[in-house]
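Student: predicted model, plus sequence, below.
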Amino acid sequence: MEEPTMAEPDNSTAAADSTGADATSPPPTPRPGWQRAAESPGPQRQQDGATSVARMRGIAADRASTTAATLASRLHPDVPRLTEEEKAERTKLVGRVLGGVMLVALLLALLSLRGIANAPSVNDVLGDPNPNPTALAAASAQPSEPAAAAVAPVIATVSTRDPLGDNEENDDRVAAMLDNNPESTWASSTYRNSQFSGLKTGVGVLITLKETATVNTVTITQRGQGGAVEVRTAPNGTFEGSSVVSTVPMESPTTTIALGQKPTTNQLLLWFTEVPRTDGRYRIDISEITVS
């Protein structure tokens with residue numbers, strides 16, 4: 001017995017009906033707030049996004065650090081790493097160097113300040129353009145230091161010189177020429193005439209000063225009259241080597257001889273070239289000798 005054949009439904013018609021129904025039916029109206037809920041992500045989605053961003057940043061930082069380390073190792077492949085002790089020693093060395101530099105700078109500053117303090121002022125170098133008239137007047141009023149006083153000649157001793165004779169001219173009486181007593185005198189030997197009887201050309205009296213001095217005048221006081229005398233400088237105290245300073249005649253009892261050359265010496269030689277006449281005899285008879 002044959003089974004009844006069931007007819008298959010016409011799907012095309014159903015589809016057409018459905019399409020037509022969809023085409024003719026208006027779209028559903030969305031509820032308020034539905035679109036905002038659909039557009040804004042949920043809390044879980046935000047957290048996942050932040051985690052992804054942080055992970056990407058960490059990866060980028062790791063890559064940058066790895067790249068920098070790799071680049072440094074390539075640029076300085078042989079540079080050894082310093083230990084803590086080496087770092088401390090290097091720090092101490094740097095501190096010492098800086099301390100030395102600061103010390104040198106301090107010394108230079110002190111020297112510079114000292115130089116500035118001791119440097120002359122502009123007025124010292126160029127002179128004060130506006131000098132104080134009161135100070136100038138006071139300075140001009142101050143007396144200058146007096147010059148050292150000249151040493152006055154003072155006779156210490158006298159003695160006779162008879163180099164052309166017998167060296168005997170009454171030396172035991174020479175002190176009478178310095179005793180300020182006109183009655184006491186020194187007298188030479190007696191001769192027959194004013195030319196020493198032709199036996200010699202002169203007789204001398206040596207004056208020795210207490211110290212070297214400039215002599216302006218010599219004064220001879222005698223009892224006789226006439227005669228002639230030379231004043232000589234005698235460094236060695238002898239006739240030999242002496243030099244004539246002045247020659248004068250003795251025409252009066254007192255003869256003052258001005259020495260034009262004003263010799264500075266400690267010894268003078270009075271060299272008598274002519275014999276005065278005393279009491280009708282030819283002899284040198286002196287009561288006083290002074291110098292000034």
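Tutor: Thanks, I have it.
Student: pLDDT below threshold where in the chain?
Tutor: Counting by pLDDT under 70, the chain has low-confidence residues at 1-54, 58-80, 115-148.
Student: just the helices in it please.
Tutor: In the chain, the helices defined using DSSP state H lie at 11-24, 34-39, 43-75, 84-118, 122-126, 133-141.
Student: from what I can see residue 200 touches residue 165, true?
Tutor: Yes: using Cβ atoms under 8 Å, residue 200 is in contact with residue 165, at 5.2 Å. (C-beta placed from N, C-alpha, C; glycine too.)
Student: okay, and the common contacts of those two?
Tutor: Residues touching both residue 200 and residue 165 by Cβ atoms under 8 Å, 6 or more residues apart in numbering: none at all.
Student: how deep is residue 194 tucked in, by neighbour count?
Tutor: 16 (other Cβ atoms under 10 Å).
Student: again with the one 3 residues further on
Tutor: Counted with other Cβ under 10 Å, residues neighbouring residue 197 total 13.
Student: that one and residue 191 touch, don't they?
Tutor: Yes: counting by Cβ under 8 Å, residue 197 touches residue 191, with 4.5 Å between them.
Student: ok, the residue nearest to residue 261 when sequence neighbours are not counted - contacts?
Tutor: The shortest distance from residue 261 to any non-neighbouring residue, by Cβ to Cβ, 6 or more residues apart in numbering, is to residue 245 (5.4 Å). Residues in contact with residue 245 (Cβ under 8 Å, 6+ apart) are 230-233, 259-261, 263, 268.
Student: ok, the residues you listed vs residue 86, which is closest?
Tutor: Checking the contacts of residue 245 against residue 86 with Cβ to Cβ, the nearest one is residue 263 at 93.0 Å.
Student: contact partners for the closest one?
Tutor: Contact analysis of residue 263 by Cβ under 8 Å, 6+ apart lists 214-215, 233, 245.
Student: same deal with residue 156?
Tutor: Counted by Cβ under 8 Å, 6+ apart, residue 156 has contacts 208-210.
Student: could you give the bridge partners of the closest residue to residue 193 other than its chain neighbours?
Tutor: Excluding the flanking residues, the one nearest residue 193 by Cβ to Cβ, 6+ apart is residue 282, at 5.8 Å. Partner residues in beta bridges with residue 282, using DSSP bridges, are residue 191, residue 277.
Student: what's the neighbour count on residue 282?
Tutor: For residue 282, the count of nearby residues is 22 (other Cβ under 10 Å).
Student: swap in the one 5 residues further on?
Tutor: Applying the criterion other Cβ under 10 Å, we find 21 residues in the vicinity of residue 287.
Student: from residue 278, how far out is it?
Tutor: Distance of residue 287 to residue 278, computed by Cβ to Cβ, to the nearest Å: 11 Å.
Student: who touches both of those two?
Tutor: With Cβ under 8 Å, 6+ apart as the test, residue 287 and residue 278 both reach 222-223.
Student: can you tell me the closest non-neighbouring residue to residue 205?
Tutor: The spatially closest residue to residue 205, leaving aside those adjacent along the chain, is residue 270, at 4.5 Å (Cβ to Cβ, 6+ apart).
Student: assess the claim that the one you found and residue 231 are in contact.
Tutor: Yes: with contact defined as Cβ under 8 Å, residue 270 counts as touching residue 231 (6.4 Å).
Student: anything in contact with each of these two?
Tutor: Residues touching both residue 270 and residue 231 (Cβ under 8 Å, 6+ apart) are residue 218.
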